[in-house]
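Colleague: here you go, sequence then predicted model.
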Amino acid sequence: MDGHQHGYLHRKDELLKRMRRIEGQARGVHRMVDEEQYCIDILTQISAMTSALEAVSIALVDEHLRHCVVDAARAGEDEGREKVDEAMAAIARLIRS
């Protein structure tokens, strides 16, 4: 759009690999429920999937702060504040979830 490249692009393959693993975990949980497996085993897999999603989230927050926020701050105080506010709102959503 504005020619800006997202900071995570150098880690895109790593993030996509993690997301494919999470997709596999979700399919595994679905299969476990379908096969009526023990609830604690299902919850254990859900916990692992949640941890994997949190790791992806933290990686994206890190990249956003290191690239998007820093670039905006260099562009000007208003732009920097806007990106910090945006990052804080995203972090707040992650904490609430």
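Modeller: Structure received. Numbering: from 1, shown residues only.
Colleague: can you report how many residues lie near Arg93?
Modeller: Close neighbours of Arg93, defined as other Cβ atoms under 10 Å, add up to 10. The way it works is simple: take the backbone N, C-alpha and C, and place the C-beta from them, glycine included.
Colleague: what sits against it?
Modeller: For Arg93, no contacting residues are found, by Cβ atoms under 8 Å, 6 or more residues apart in numbering.
Colleague: for Leu53, same thing?
Modeller: Neighbouring residues of Leu53 by Cβ under 8 Å, 6+ apart: Ile22.
Colleague: what distance do you get for it to Arg74?
Modeller: According to Cβ to Cβ, to the nearest Å, Leu53 and Arg74 sit 31 Å apart.
Colleague: could you do Ala90 as well?
Modeller: Look at Ala90 and Arg74: by Cβ to Cβ, they are 20 Å apart.
Colleague: so between these two, which is more surrounded?
Modeller: Neighbours of Ala90 and Arg74, each counted by other Cβ under 10 Å, are more numerous for Ala90; the result is 14 against 9.
Colleague: that one against Glu63, yeah?
Modeller: No - the criterion here is Cβ atoms under 8 Å, and Ala90 misses it with Glu63 at 12.0 Å.
Colleague: anything in contact with each of these two?
Modeller: Joint contacts of Ala90 and Glu63 (Cβ under 8 Å, 6+ apart) do not exist.
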